[in-house]
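Trainee: The following comprises the amino acid sequence and a computationally predicted model.
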Amino acid sequence: MTHATLILECTEADLKKAGELIRAGELVVFPTETVYGLGANALDPKACRKIFQAKGRPTDNPLIVHLSSMEEILTYTRRVSDRHLKLMEQCMPGPVTFVLPKAPDIPDIVTAGLSTVAIRIPSLTEARRLISYAGVPIAAPSANRSGEPSPTTFEMAYHAMAGRVAAIIKGPMCEVGIESSVVRIEKDRLELLRPGFVTFETLTELGKDFGLEVIDLSQLPQAKPASPGTKYTHYKPKATVYLFSSLEDLFSPLIEIPSSTRILYMKQPQSEELLHRIVSMGIEIVVFENMSDYARHLFFQFHRADKEGITTILAYYPPPTGIGLALRNRLIKASGGRFV
Ligand code: AMP
Ligand code: MG
């Protein structure tokens, strides 16, 4: 189905118009601090079904429900204790999603039939304004076609969704650049299901304050990073992605770097000389300042490489600390676990 897609700005008038479209059962792409979302009225199963069609997303993959304030959490969930609410208050609004027992109002299509619902309150003000204007919770996955990298700029969101949705709100480049951390709350435990910008270390500290054990379940299905497998590909650009742990790996005599290659790297102490050698070999290299800079620009660089006809991306695989855990998760899926 093709649509004439309206381009809206982040003005109050346009956010209001977008809110009305959501309430009328239409799809609206909107910016958040993590990635651009593909939103629909979370209480309207017909509207939510359109999300799966526009993305080509399998219906067994549940959606995150976006709210504008903490007060709304109790309306759409059940049996949330004061302790859990106080803990969530410490990181909401923000780039973290909590999985909680769902209220009956949330349709099965949103939760893929699960008894839980994933809840997030975005910290980007414009996203919360949109949700308030809609007057309903907004179910929204990332605004990419299923399997492709998530959009982190208006241009990327437009490229993926123009003609498939009623409107796209033109916002800033996303600050975080990768999807939210997903955390399931059990009685005495927090379970990290998907790593994101809110790190395992931060959650562990928070858990301590509230007497909750924190465990990382996000790495279980992936086995060893080195094991390849197409079933893990996701967030995938058209270019083939290979991972490397150190610049030295690229100078192995066994490696032949194809001509249209781009290297994504993160600044390390003592890497200057090797960087110069790469540049003098005529290979393009993008150097990120730190982990958050890497996370913010990863999907954008994937998109840029595809647009410029780059066929091979060699991406630095960072250590598993802090945001490194989330970067590794996205990189393994984008590369299918291939290392140079
Ligand atoms: P996306 O919207 O594309 O960022 O994906 C949403 C993520 O949240 C997926 O990894 C889902 O599996 C996860 N998710 C959504 N709802 C639930 C739920 N009720 N239980 C566990 N995970 C969920
Ligand atoms: Mg997604």
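Mentor: Here it is on my side, so go on. Ligands and ions are numbered 1, 2, ... in the order given.
Trainee: wait, what's in contact with the residue lying closest to residue 240 once chain neighbours are set aside?
Mentor: Nearest non-adjacent residue to residue 240, counting by C-beta to C-beta, 6 or more residues apart in numbering: residue 312, 5.5 Å away. C-beta: built from backbone N, CA, C; applies to glycine. When the contact criterion is C-beta atoms under 8 Å, 6 or more residues apart in numbering, the partners of residue 312 are 239-240, 242, 257-258, 260-262.
Trainee: How about residue 54?
Mentor: 27, 38, 161, 164-165.
Trainee: What residue in this structure is the furthest from its centre?
Mentor: residue 253 (36.5 Å; C-alpha atoms, centre = their mean).
Trainee: What is the neighbour count of residue 100?
Mentor: 21 (other C-beta atoms under 10 Å).
Trainee: Now for residue 61, how many residues are close by?
Mentor: 11.
Trainee: before we move on, the earlier item: which of the contacts of residue 312 are buried? Put it as a PyMOL command.
Mentor: Filtering those down to the buried ones (16 or more other C-beta atoms under 10 Å) takes a single PyMOL command:
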select buried, resi 239+240+242+257+261+262
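Trainee: nearest to ligand 2, of the contacts of residue 312?
Mentor: For the contacts of residue 312, the minimum distance to ligand 2 (C-beta to the ion) is 19.2 Å, reached by residue 239.
Trainee: Got the confidence number for that closest one?
Mentor: Looking at residue 239, its pLDDT is 97.
Trainee: Give me the nearest residue to the one residue in the chain that gets nearest to ligand 2, chain neighbours excluded.
Mentor: In the chain, the residue that lies nearest ligand 2 is residue 142 (3.5 Å; C-beta to the ion). Excluding the flanking residues, the one nearest residue 142 by C-beta to C-beta, 6+ apart is residue 150, at 3.8 Å.
Trainee: Please list all residues in contact with the one you found.
Mentor: 35-36, 142-144, 178-179, 235, 299.
Trainee: try residue 87
Mentor: 185, 190, 206-207, 209-210, 212.
Trainee: How much space separates it from residue 200?
Mentor: 15 Å (C-beta to C-beta, to the nearest Å).
Trainee: before we move on, what about residue 24?
Mentor: 40 Å.
Trainee: More neighbours: these two, which one.
Mentor: Neighbours were counted for residue 24 and for residue 200 using other C-beta under 10 Å; residue 200 has more, 22 against 12.
Trainee: And the strands in the stretch 51-200 of the chain, which stretches?
Mentor: Using DSSP state E, counting those that start in this stretch, the strands of the stretch 51-200 of the chain run over 64-66, 96-101, 116-120, 138-139, 167-169, 181-186, 189-194.
Trainee: Ignoring the adjacent residues along the chain, who's closest to residue 14?
Mentor: residue 8 (3.9 Å).
Trainee: I'd guessed the one you found sits against residue 166; true?
Mentor: No: the pair residue 8 and residue 166 does not pass the contact test of C-beta atoms under 8 Å, sitting 9.9 Å apart.
Trainee: So those two - more neighbours on which side?
Mentor: Remark: of residue 8 and residue 166, residue 8 carries more neighbours, 23 against 20, as counted by other C-beta under 10 Å.
Trainee: Helix, strand or coil: sort out residue 295 for me.
Mentor: Three-state assignment for residue 295 (DSSP: H, G, I helix; E, B strand; the rest coil): helix.
Trainee: Next one: it, what pLDDT does it get?
Mentor: pLDDT, residue 295: 98.
Trainee: what's it in contact with, if anything?
Mentor: Residues near residue 295 by C-beta under 8 Å, 6+ apart: 176-178, 197, 323, 326-327.
Trainee: Using a markdown table, lay out these together with distance to ligand 1, neighbour count and pLDDT.
Mentor: Shown next, in a markdown table, are the contacts of residue 295 (distance: C-beta to the nearest ligand atom, whole Å; neighbours: other C-beta atoms under 10 Å; pLDDT from 0 to 100):
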| residue | distance to ligand 1 | neighbour count | pLDDT |
| --- | --- | --- | --- |
| 176 | 12 | 23 | 98 |
| 177 | 13 | 25 | 98 |
| 178 | 10 | 29 | 97 |
| 197 | 13 | 24 | 97 |
| 323 | 16 | 24 | 98 |
| 326 | 12 | 28 | 97 |
| 327 | 16 | 25 | 98 |
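Trainee: circling back: quick one, which of the contacts of residue 150 has the minimum pLDDT?
Mentor: Lowest pLDDT of the contacts of residue 150: residue 235, 88.
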